Structures are given as structure tokens and as C-alpha cells.
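*Asks:* Provided below are the primary sequence and the corresponding predicted coordinates.
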Amino acid sequence: MTILPLALLFLLPLAFAQRTTSNPLAATSTSPAGAAASATALNEPPDGQLYFGLWLDTSVTSGDSPLAANARVGRNISWFQFSQNIPVDQYNDVTGVGGIINATKVTETDTDAGIYVTVYPLNGLAAVTVQDMAALGIQLQSYIAAGHAVCLRFAPEMNGNWFPYATQPTLFKSTWITLYNTVKQSCPSCAFVWSPNAAVGYPYGITLDSVASAADQAALDTNNDGQLDNTDDAYAAYYPGDAYVDWNGVSYYYKGNYPNDYNVIQPQGFFEGSMNGVLPEVDEIGQQRTQYTPFYNAYCMKHPCMLSESGASWKVNQTGIPDWLTVSPTQEQVEGAWWRDGITNITFLSTYPRLKMIMNFEWEKVETDGGIPTLRDFRLTNATDVLAAFVADLEGVAQRYLWASYVAPPPSGSGGGGGSNPLPQVPMPQASVTRATPYRATTPTVLSLFYSAAQGWEEMRPYVFTVAAVTAGLAAGVGLVL
Ligand SMILES: *[C@@H]1O[C@H](CO)[C@@H](O)[C@H](O)[C@H]1NC(C)=O
Ligand SMILES: *[C@@H]1O[C@H](CO)[C@@H](O)[C@H](O)[C@H]1NC(C)=O
Ligand SMILES: *[C@@H]1O[C@H](CO)[C@@H](O)[C@H](O)[C@H]1NC(C)=O
Ligand SMILES: *[C@@H]1O[C@H](CO)[C@@H](O)[C@H](O)[C@H]1NC(C)=O
Ligand SMILES: *[C@@H]1O[C@H](CO)[C@@H](O)[C@H](O)[C@H]1NC(C)=O
């Protein structure tokens with residue numbers, strides 16, 4: 001048994017760098033050296049350009065996929081988002097729920113689209129161990145080795161009150177920093193995305209007494225007036241520091257008017273609220289123009305920024321239509337107002353040039369945030385009239401966006417053999433693991449992705465990574481046990 005220094009693990013992806021350097025999506029992500037040589041952040045597109053991403057519902061019931069989305073839009077989407085829990089929960093063979101993300105959904109597009117991994121600590125921040133973090137780093141590095149840039153968004157919307165890890169700024173920040181230090185050891189080109197919920201609406205009904213620790217209460221009461229309200233900074237208490245993030249982002253949605261159960265077109269300039277924190281005035285419902293914590297100047301200058309998840313909600317089964325709304329808008333009008341206000345709005349994009357990624361939440365789901373369960377469709381690429389109008393408007397600004405590029409299909413089988421320029425495999429599924437034992441193991445145990453007979457790595461098998469090795473390695477400079 002020999003110990004291969006982790007430095008060698010970093011070098012492995014360089015063997016595939018030739019394929020990726022022609023593409024800006026991958027150029028800054030393939031090697032730490034590439035990132036250092038550039039003035040831009042990890043995975044940052046050049047000035048004047050931004051990425052468009054989709055968070056698709058790839059569940060078994062929906063059956064949607066990046067491949068299908070690219071076909072619908074007629075363009076190769078730059079980034080695809082997926083989520084998993086940390087520690088990773090069991091993969092359910094029947095429902096397809098759980099486990100680590102299925103990156104094959106991206107590799108099968110034959111593009112270099114980025115893989116955007118949202119990681120939820122749904123058992124609470126205290127349940128996340130350094131071993132879990134190390135396993136995550138190894139998993140993510142496998143995607144970079146396969147030619148895909150990676151973004152990691154940990155514990156998003158931590159400033160809200162709807163996740164188990166909410167309103168714990170002290171523990172959130174210390175966990176974030178440990179995660180950053182751990183993951184960057186195996187995945188130095190993973191871009192960390194810090195991403196609270198947009199301030200509009202803050203503090204979302206959270207009161208100081210509902211915050212468990214006195215230190216956290218003090219941290220959240222940023223103006224020190226003994227209460228939590230929209231004059232407190234919605235973000236600062238949770239920010240781990242410039243040294244520990246690569247991108248900043250926010251979640252931002254248009255859900256309508258409280259209780260968010262009927263269809264209404266957003267006021268123009270609403271999209272901009274994600275950046276300047278302004279909730280526009282709406283006469284019909286007596287809503288005043290309100291200033292919340294601005295995002296752009298504080299969080300988009302040192303790092304590029306993004307809308308990490310965003311969208312406007314079409315209420316499929318709307319109720320409670322008010323008298324003043326004499327004509328109910330169509331889905332195309334509701335969604336169109338959203339993208340024309342932001343995604344395809346050159347004025348907006350030019351006003352906020354550091355906004356370098358917009359990720360649409362491409363789902364239909366039941367939400368209950370107004371107290372009335374409502375089926376909401378955020379998708380821009382599903383209903384045919386909405387899709388056609390979106391694609392037509394996108395055409396006008398298509399040069400502004402940096403799309404994913406074609407790459408040769410990965411070889412079939414467990415690596416090597418196919419194509420003149422074979423790629424390493426993403427770590428699933430493992431044929432040797434029976435259905436009874438989920439192959440999406442809690443900890444990746446076999447780095448099959450580095451196996452490629454054609455590349456001559458065969459003698460390096462098996463790439464057995466045990467939790468013990470990772471743990472011992474973290475303590476002693478990190479080693480890969482062969
Ligand atoms: C992962 O995605 C690929 C490509 O869509 C699919 O063939 C495979 O069955 C998926 N694996 C799981 C476990 O869902
Ligand atoms: C485009 O964005 C600007 C700046 O936010 C906004 O004032 C304008 O109303 C938007 N245009 C549309 C069509 O929504
Ligand atoms: C809308 O449909 C969803 C899903 O079918 C259901 O859960 C919800 O109760 C319905 N809401 C209303 C207001 O009908
Ligand atoms: C739209 O979504 C539904 C499921 O909600 C699906 O059955 C249908 O195939 C989708 N249509 C397109 C064009 O993607
Ligand atoms: C998108 O990628 C596919 C597969 O790599 C390629 O065949 C196609 O030409 C690309 N489409 C565009 C519009 O770039």
C-alpha cells in the first residue's frame with residue numbers, strides 16, 4: 001500500500017486540460033494555476049457576459065433532463081443545478097430520491113455545462129462532520145476531472161426561517177469555514193457560492209426571541225435597537241468573509257401579492273429588487289416603496305454574483321382573485337413580465353454587470369407560504385406558448401450569455417475504449433454494488449472516474465478512498481491510499 005500525495009490528485013485533471021482550455025466555462029476551473037493567472041474569480045465569465053442556468057426537476061416523476069431542456073431551448077444551457085443533503089442520505093432505488101446527485105444527467109448532454117451542486121445540511125449544522133465534507137470534496141473534484149466546472153452552494157437561504165439550519169449565524173459561519181478549508185483540499189477549483197435569501201421581505205416574520213442563542217440575537221440585531229426588522233442588515237451576520245467565498249448569490253422570486261394564491265403581473269423593476277433591495281410601490285394593494293438591505297454594492301464587487309435560484313410563479317389553481325383584478329393575466333404574461341424585467345432586459349443587465357449568472361428554478365410545485373396551498377409553475381421552458389415567447393426574446397440577447405460548448409461524448413463503459421479523446425467517468429453507477437446497497441454511497445469509496453485504460457491510468461486502480469484515509473490524511477497532509 002502506498003500513499004499518493006493529494007497533490008497528484010490535483011494533477012490528474014490537468015491531463016484533460018487540453019480539451020477544456022478553449023472554453024471559458026472550464027478554463028478557470030480546470031486548474032488552480034489557471035485560476036491564479038486570471039484576474040477573474042473561479043468560473044467567472046468575461047465582463048459583458050453572464051451565464052444562464054436551470055435548476056430542473058429531474059425526479060423520476062417529472063422525467064425532465066438537461067438533454068431535454070437543451071433541445072427545448074435550442075441552446076446549450078451553461079449550468080445545471082442539483083441538490084443533495086449533507087450528510088448524504090440513503091438513495092432510494094424505487095423513488096430515485098436521495099443519495100448524491102446524478103451527474104450523468106449533465107455529462108450525457110455532450111457539453112461542458114457546469115455542475116451546480118446545492119448542499120443542504122437538513123439534519124442541522126452540528127450534524128455535518130469533517131468526513132462528510134471531505135467526501136463532498138472528492139465527489140465534486142470528480143466532476144472537474146470529467147471536464148465540468150463546479151459551483152458549491154452550501155446551506156442556502158440561511159437567513160430565512162424555513163430550514164433547520166436557519167438563524168444560527170455563528171454556527172453557520174464556523175461550519176462554512178471548515179467546509180471551505182476541507183473541500184478546497186481535494187477540490188481547489190470548486191467555486192463556493194454564499195447565498196442568502198434576497199432581503200426583500202426580511203425578516204420574514206422572524207423575531208429575536210425565536211433565535212436560540214444570545215450571541216446570534218446580538219449578531220442579527222445589526223442596528224442594536226432590540227428588535228429584528230427591515231432596518232437590520234439581512235445578510236451581514238451570515239457572511240463568512242471574502243476569503244471564504246468565490247461567488248455571492250441570492251434566491252429571488254416573484255410570488256405575487258399575499259397570500260400569493262392568484263396570478264398577477266409583477267411591477268416593472270421588481271427584478272432589480274434582487275440587487276438594490278427595493279420593493280416597488282403597488283397602488284392596488286397599497287404597497288409602499290420599501291428599501292431593504294441592498295445586495296449589489298456589498299456583495300458583487302469583490303466577487304461576481306448570481307441569482308442562485310429565481311423565478312416567477314404561475315398559479316395553476318389560483319383562488320382569491322381580488323375585485324380590482326378585472327382581467328386575469330395569462331401564464332405567458334406572468335412569466336414574460338419576469339424575464340423581460342431581468343433575464344432579457346439589457347438595461348437591467350447593463351446596470352448590474354457584476355451579476356454573472358441567472359439560474360431559473362425550472363419546477364412546478366405546491367407551495368404554502370401564503371397559508372393557501374397553491375400549485376405553482378416557475379418554468380419558462382414547459383408550456384409551449386411560454387417557451388416560444390421566451391426563446392424568441394432570448395434570441396435578442398443571446399450574445400450576452402455564455403452558453404455551454406460541445407464536447408466529444410465520453411467513452412462508454414467504465415472508462416477508455418471509446419472515442420479518440422476519452423473522458424474520465426463520473427462516479428456512478430457502480431456495477432459491482434448490488435441494488436440492496438445503494439451505489440450512491442454516503443461516502444464515495446471508489447474513484448472510478450480516474451480509470452481510463454486509454455489514458456493509461458489503469459495501473460493506478462483501485463482508487464480506494466476510505467473515510468479513515470481521508471480523516472488521517474486531513475490530519476497528516478492528506479493522502480490517497482492506493
Ligand atoms: C442517472 O442519469 C442517467 C442519464 O439520464 C440515467 O440513465 C440513470 O438511470 C440515472 N441514474 C439514477 C440512479 O437515477
Ligand atoms: C428593465 O430594467 C430596468 C431596470 O431595472 C427597469 O427600470 C425596466 O422597467 C425594465 N424593463 C422591463 C421591460 O421590465
Ligand atoms: C392546488 O393544487 C395542489 C396540488 O394538486 C393542491 O395541493 C392544493 O391544495 C390546490 N390548491 C387550491 C387552492 O386549490
Ligand atoms: C411539461 O411538464 C409536464 C409535467 O408537469 C410534462 O408532462 C410535459 O411533458 C412537459 N412538457 C414539455 C414540453 O416539456
Ligand atoms: C449543443 O450541444 C450539442 C451536443 O454537444 C451540439 O450537437 C449542438 O450543436 C450544440 N448546440 C448549440 C446551439 O450550440
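*Replies:* Yes, it's here. Ligands and ions are numbered 1, 2, ... in the order given.
*Asks:* so how far is the first residue of stretch 145-154 from its last?
*Replies:* Start-to-end span of stretch 145-154 (Cα to Cα, to the nearest Å) is 21 Å.
*Asks:* Just list the residues touching the residue of the stretch 101-250 of the chain found nearest ligand 2, thanks.
*Replies:* Nearest residue of the stretch 101-250 of the chain to ligand 2, counting by Cβ to the nearest ligand atom: V200, 13.8 Å away. Heads up, the C-betas are built off the backbone N, CA and C, glycines and all. Applying Cβ atoms under 8 Å, 6 or more residues apart in numbering, we find V200 in contact with Y252, G273, S274, G277, V278, L279, T290, Y292.
*Asks:* Quick check: the gap between the fourth one and Y180.
*Replies:* G277 sits 27 Å away from Y180, going by Cβ to Cβ, to the nearest Å.
*Asks:* again with S328
*Replies:* Distance of S328 to Y180, computed by Cβ to Cβ: 47 Å.
*Asks:* Of these two, which one has the most company?
*Replies:* Y180 (22 against 13; other Cβ atoms under 10 Å).
*Asks:* Now the closest residue in space to that one that isn't next to it in sequence: phi and psi?
*Replies:* With Cβ to Cβ, 6 or more residues apart in numbering as the criterion, Y180 has its nearest non-adjacent residue at 4.6 Å, and that residue is Y244. Backbone geometry at Y244, expressed as degrees, to the nearest 10, gives phi -110, psi 10.
*Asks:* One more: the one 4 residues further on?
*Replies:* Note on N248: its backbone torsions stand at phi -110, psi 150 [degrees, to the nearest 10].
*Asks:* show me the contacts for it.
*Replies:* The contact partners of N248, by Cβ under 8 Å, 6+ apart, come to V193, W194, S195, F295, Y299, C300, H303, C305, M306.
*Asks:* In those, find the pair that's most separated.
*Replies:* V193 and F295 (13.6 Å; Cβ to Cβ).
*Asks:* how much space between the residue of the stretch 251-400 of the chain found nearest ligand 5 and V391?
*Replies:* At 9.5 Å from ligand 5, A398 is the closest residue in the stretch 251-400 of the chain, using Cβ to the nearest ligand atom. Counting by Cβ to Cβ, the gap from A398 to V391 is 10 Å.
*Asks:* which parts of this structure sit against ligand 1?
*Replies:* With the criterion set to Cβ under 6 Å from any ligand atom, the chain comes near ligand 1 through S65, G96, N102, T104, K105, E108.
*Asks:* Can you lay out these as JSON lines showing neighbour count?
*Replies:* Listed next are the residues of the chain next to ligand 1 as JSON lines, based on neighbours: other Cβ atoms under 10 Å:
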{"residue": "S65", "neighbour count": "19"}
{"residue": "G96", "neighbour count": "13"}
{"residue": "N102", "neighbour count": "19"}
{"residue": "T104", "neighbour count": "16"}
{"residue": "K105", "neighbour count": "21"}
{"residue": "E108", "neighbour count": "14"}
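*Asks:* from those, which has minimum pLDDT?
*Replies:* Ranked by pLDDT, those bottom out at G96, which scores 81.
*Asks:* Am I right that that one is in contact with S59?
*Replies:* Yes. Applying Cβ atoms under 8 Å as the test, G96 and S59 come out as touching, 6.4 Å apart.
*Asks:* Using the three-state scheme, assign V117.
*Replies:* strand (DSSP: H, G, I helix; E, B strand; the rest coil).
*Asks:* and it, how many neighbours does it have?
*Replies:* Using other Cβ under 10 Å, V117 is surrounded by 24 other residues.
*Asks:* again, but for Q399
*Replies:* 10.
*Asks:* how about the residues of the stretch 301-450 of the chain near ligand 5?
*Replies:* Going by Cβ under 6 Å from any ligand atom, the residues of the stretch 301-450 of the chain near ligand 5 are Y406.
*Asks:* wait, is K356 part of a strand?
*Replies:* Yes. K356: assigned to a strand according to three-state DSSP.
*Asks:* about what we covered before: surely the residue of the stretch 251-400 of the chain closest to ligand 5 meets G74?
*Replies:* No. The pair A398 / G74 is not scored as a contact, 9.9 Å apart, by Cβ under 8 Å.
*Asks:* which one of these two has more residues nearby?
*Replies:* More crowded of A398 and G74, by other Cβ under 10 Å: A398, with 14 against 11.
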